[in-house]
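# Mind looking at a prediction? Sequence and model below.
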Amino acid sequence: MTEITTPDSDQTENRREAATILRTGADTYEKKTRDYGSSWRNIGVILEIMAHGEPIVLDSTEKVIAFGLFTRRLDKFSREFFGTFFADEMNFESVGDSAEDEMVYAAMSAENHADMAEKAALVERLAEGYRETYEDTEDAEAA
């Protein structure tokens with residue numbers, strides 16, 4: 001028989017109440033706002049401008065990954081910009097950390113683009129094989 005136990009009342013020190021979580025979250029929001037400004041809004045505007053008002057179509061896993069990496073990089077650029085020109089001190093990471101993080105995301109982005117190119121080349125090879133197999137057959141039958 002399995003015994004079911006419940007935490008003793010003295011074990012609740014590790015349990016966080018919702019109100020505490022919300023207060024901690026509000027404090028984090030205030031600190032990050034001092035570090036980032038309203039970059040979360042600005043990045044959306046920048047993306048819309050760069051897309052020229054066109055919808056951003058994420059029709060493959062690689063494009064979803066690319067979009068995620070791109071927004072992360074923009075966040076890091078924004079944080080570095082804000083920290084360099086407008087903040088006397090940062091609450092979380094240093095301004096240099098933002099530049100280093102962006103560099104890592106850029107490398108991940110380059111790898112993802114290589115994956116997309118490899119996938120496109122594979123699709124093209126498969127299509128070429130299909131054309132050679134079936135178009136040659138149709139040409140022979142027509143003759």
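Yes, it's here.

# contacts, neighbours, all on C-alpha from now
Fine.

# Burial check on residue 26, number of neighbours?
Counted by other C-alpha atoms under 10 Å, the residues lying close to residue 26 total 12.

# in which helix or strand would I find it?
helix 18-36 (DSSP states H and E).

# Name the next helix or strand downstream of that helix, please.
helix 39-50.

# Need the residues that contact that next one.
The contact list for helix 39-50, computed with C-alpha atoms under 8 Å, 6 or more residues apart in numbering, reads 54, 71, 74-75, 78-79.

# Identify the residue spatially nearest to residue 82, adjacent ones excluded.
Closest residue to residue 82 apart from its sequence neighbours, by C-alpha to C-alpha, 6 or more residues apart in numbering: residue 36 at 6.3 Å.

# since we're on that neighbour, how many residues are nearby?
23.

# what sits against it?
Residues near residue 36 by C-alpha under 8 Å, 6+ apart: 78-79, 82-83.
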